[in-house]
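S.K.: Predicted model and sequence below, questions to follow.
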Amino acid sequence: MTCASCVRRLERALGAAEGVREVAVNFASERARVTFDPSKTDTARLAVVIRAAGYEPVLAAGALEEPAEAGARPAPRGTPDA
């Protein structure tokens, strides 16, 4: 992530995903903490949302514990958008 606008873009994208209850993106650590309803979505679907926003999702160690947490890194330049 390169700026606060990146944080807002990712927070909006994840926040609009079905089943997402809460999103907090940290610019400095390039991490997103996402609390979601597992009966409505899962980490694979959230990864698609993150990629569509232009970032490469990386599931953090212990991320499958509640709440779910995943990092988000910018997609390499030249990578086609999903």
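M.R.: Yep, that arrived. Everything numeric in this text was worked out from a predicted model, so none of it was measured.

S.K.: Give the closest residue to residue 3 in space, chain neighbours not counted.
M.R.: residue 27 (7.9 Å; Cβ to Cβ, 6 or more residues apart in numbering). C-betas here are computed from N, CA, C, even on glycine.

S.K.: Please list all residues in contact with the one you found.
M.R.: Applying Cβ atoms under 8 Å, 6 or more residues apart in numbering, we find residue 27 in contact with 1, 3-4, 6-7.

S.K.: all strands for this protein, in order.
M.R.: 20-26, 31-36, 55-59, 69-74 (DSSP state E).

S.K.: Tell me which of those strands lies nearest to residue 47.
M.R.: strand 55-59 (4.3 Å; Cβ to Cβ).

S.K.: Would you confirm that residue 20 contacts residue 34?
M.R.: Yes: taking contacts as Cβ atoms under 8 Å, residue 20 lies within contact range of residue 34: 6.1 Å.

S.K.: higher neighbour count, the two?
M.R.: Between residue 20 and residue 34, residue 34 has the larger neighbour count (other Cβ atoms under 10 Å), namely 27 against 20.

S.K.: what's the burial count for residue 53?
M.R.: 20.

S.K.: Show me what counts as buried in the top helix by length along the chain.
M.R.: For the chain, the helix that runs over the most residues, judged by DSSP state H, is helix 4-15. Under the neighbour-count criterion of 16 or more other Cβ atoms under 10 Å, helix 4-15 has 6-7, 9-11, 13-14 buried.

S.K.: so what's the most centrally placed residue in the chain closest to, chain neighbours aside?
M.R.: Centroid-nearest residue in the chain: residue 50, 4.6 Å away (criterion: Cα atoms, centre = their mean). Nearest non-adjacent residue to residue 50, counting by Cβ to Cβ, 6+ apart: residue 57, 4.2 Å away.
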